[in-house]
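In: missing the sequence, but the structure's below:
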């Protein structure tokens, strides 16, 4: 005695492809705490050696197989747009890494700006201390 089974998928391949295409046509976004285009470009270059394309007041790049668009939001900070809902966790992880590097670049920028302005004003750097949390305390002599 033989038994024959007729197995049919619940959805067709065409339906699956349409569903995947619908996911890719949608735009999803992650808010960031980044607002300087120059520092954002430096961050992307340093972390990922990313090629950045300027298009429609946005920065487009591909990182780790994810197509990302950085666009300034109405809050004054960049948001990262991506086009596949299944990439959400990976994109959020990339954004966390970018924001950490960006904060370091902001700190470097502020540090160098303060030192240069102090020198212009004739202040003499007396002491420079790096704290446990990696913040920097600068002490200047006013009587230089």
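Out: Yes, it's here. Being a predicted model, the structure only gives us computed values, none of them experimental.

In: In contact with residue 118, which residues?
Out: By Cβ atoms under 8 Å, 6 or more residues apart in numbering, the contact set of residue 118 is 125, 138, 140. Glycine gets a C-beta too; all of them are placed from N, C-alpha and C.

In: what's the spacing between it and residue 129?
Out: The gap separating residue 118 from residue 129 is 16 Å, by Cβ to Cβ, to the nearest Å.

In: what residue ranges in the protein score low on pLDDT?
Out: 1-25, 144 (pLDDT under 70).

In: In it, what residue spans correspond to helices?
Out: Under the criterion DSSP state H, helices of the chain are mapped to 13-25, 37-48, 88-120.

In: thinking again about what came up before, got the contacts of residue 118 as JSON lines, with distance to residue 81 and neighbour count columns?
Out: As requested, the contacts of residue 118 are arranged in JSON lines below (distance: Cβ to Cβ, whole Å; neighbours: other Cβ atoms under 10 Å):
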{"residue": "125", "distance to residue 81": "43", "neighbour count": "14"}
{"residue": "138", "distance to residue 81": "39", "neighbour count": "14"}
{"residue": "140", "distance to residue 81": "44", "neighbour count": "17"}
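
In: Cross those residues against strands and list the overlap.
Out: 125, 138, 140 (DSSP state E).

In: On the strand side of things, show who the last one bridges to.
Out: Beta bridges link residue 140 to residue 125, judged by DSSP bridges.

In: I'd say it and residue 123 touch.
Out: Yes. Assessed by Cβ atoms under 8 Å, residue 140 is found in contact with residue 123 at 4.1 Å.

In: Quick check: residue 131 vs residue 138, distance?
Out: Applying Cβ to Cβ to residue 131 and residue 138 gives a distance of 12 Å.

In: can you list the residues that contact stretch 134-144?
Out: In contact with stretch 134-144 (Cβ under 8 Å, 6+ apart) are residues 107, 111, 114-115, 118, 122-131.

In: Return the set of buried residues in stretch 42-54.
Out: For stretch 42-54, burial by neighbour count (16 or more other Cβ atoms under 10 Å) applies to 42-44, 48, 50, 52.
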